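Peer 1: This is a predicted model, with the sequence first.
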Amino acid sequence: MKKLLIAITAVLVSAAAYAQGTVSFNTRITGVLDAPVELAAPGGQGPGPAYTAELVLVGAGGTITPIPQSVTTFRTVPAGGNALLAKYVNTVSTVEVPGTSAGGSATLRFRAYLTSAGSYDAASATQRGASSDFTVTGLGGGALPPANLVGITGFVIPVPEPSTITLGVLGAAALLLRRRK
C-alpha cells in the first residue's frame, strides 16, 4: 500500500511538472488590469472587430514565438452600447504558453493589427501596434488556475488621419508633375 501511494504521488508530481503554463487572455478586469487599445484617429475609438489581437512569447534575444491559441478580435459594440468596450479583446480564454510550466513565468507582448492585412508582420506601421513586453509570474496549469496578465499595457495604433493621407497624395502628385517638366 505504501509503495502504491508513493507511485501515485510521483505520477501526480510529474504530471504537474510537465503541465503547460497558462494565462487568461483578458485585457480588462475591474480593479486588476486595464489595457485598452485605441486608434489614433480623432475620437480615440477602439479598433473593434476589424482588428485582430494576439499574444506572443518573447524569448532570449527578443525572439518571438506566436501563440496561435490567443488569436482573437476586439469586442463589437451593439447600437447604443458602450463604445469603450471596443477597446478590449473579444473573448476571455485560457491560453497555453509554449515552453513554460505551471507555476513558472513568461515574458509576453500583446499586439494588434488590421485583420485584412493578414498578419502582424504584413500590416503597415499605421495598421498595427504592440504593448511593451511584460512578465507574468505564477503561470497556471495543472491544478493551478490560469494567471491574469498583470503588467499588460494598452497602446495606440497610429492610424493616419485623412488629411495626412491627402497631403501625401498631393506631394506625390507634385513630384510627378515636376519630373515631367
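Peer 2: Ah, there it is.
Peer 1: rest of the way, CA atoms for contacts and neighbours
Peer 2: Noted.
Peer 1: mind listing what the residue nearest to the spatial centre of the chain touches?
Peer 2: Centroid-nearest residue in the chain: Phe110, 3.0 Å away (criterion: Cα atoms, centre = their mean). Taking Cα atoms under 8 Å, 6 or more residues apart in numbering, we find Phe110 in contact with 53-56, 130-133, 152.
Peer 1: Let me know how buried the closest residue to it other than its chain neighbours is, in neighbour terms.
Peer 2: With Cα to Cα, 6 or more residues apart in numbering as the criterion, Phe110 has its nearest non-adjacent residue at 4.7 Å, and that residue is Leu55. Leu55: 23 surrounding residues under other Cα atoms under 10 Å.
Peer 1: Which helix or strand contains Leu55?
Peer 2: strand 51-58 (DSSP states H and E).
Peer 1: Point out the other helices and strands that that strand packs with.
Peer 2: strand 64-66, strand 72-73, strand 105-114 (3 or more Cα pairs under 8 Å, 6 or more residues apart in numbering; DSSP states H and E).
Peer 1: Output the below-cut-off pLDDT ranges for this protein.
Peer 2: Residues of the chain meeting the criterion pLDDT under 70: 1-18, 42, 160-181.
Peer 1: Let's see that with 50 instead.
Peer 2: 7, 10-17, 164 (pLDDT under 50).
Peer 1: ranges for the helices of this structure?
Peer 2: 2-18, 162-180 (DSSP state H).
Peer 1: ok, Ile152 - contacts?
Peer 2: 27, 33-35, 109-110, 131-134.
Peer 1: cutoff 10 Å now
Peer 2: Applying Cα atoms under 10 Å, 6 or more residues apart in numbering, we find Ile152 in contact with 26-28, 33-36, 108-110, 131-136.
Peer 1: among the contacts of Phe110, who's most crowded?
Peer 2: Result: Ala53 is most packed of these (other Cα under 10 Å), 25 neighbours.
Peer 1: I'd say that one and Thr73 touch.
Peer 2: Yes. Under the criterion of Cα atoms under 10 Å, Ala53 makes contact with Thr73 at 5.4 Å.
Peer 1: which neighbours do the two share?
Peer 2: 47, 88-90, 112-115.
Peer 1: which one of those residues is nearest Ala102?
Peer 2: Ala102 lies nearest to Val89 out of the shared contacts of Ala53 and Thr73, by Cα to Cα, at 24.1 Å.
Peer 1: Pull the number of nearby residues for the closest one.
Peer 2: Neighbour number of Val89 under other Cα under 10 Å is 28.
Peer 1: for Gly59, same thing?
Peer 2: 12.
Peer 1: buried residues in stretch 64-79?
Peer 2: 66-67, 70-77 (16 or more other Cα atoms under 10 Å).
Peer 1: How far off centre is it?
Peer 2: On the basis of Cα atoms, centre = their mean, to the nearest Å, stretch 64-79 sits 7 Å off its chain's mean C-alpha point.
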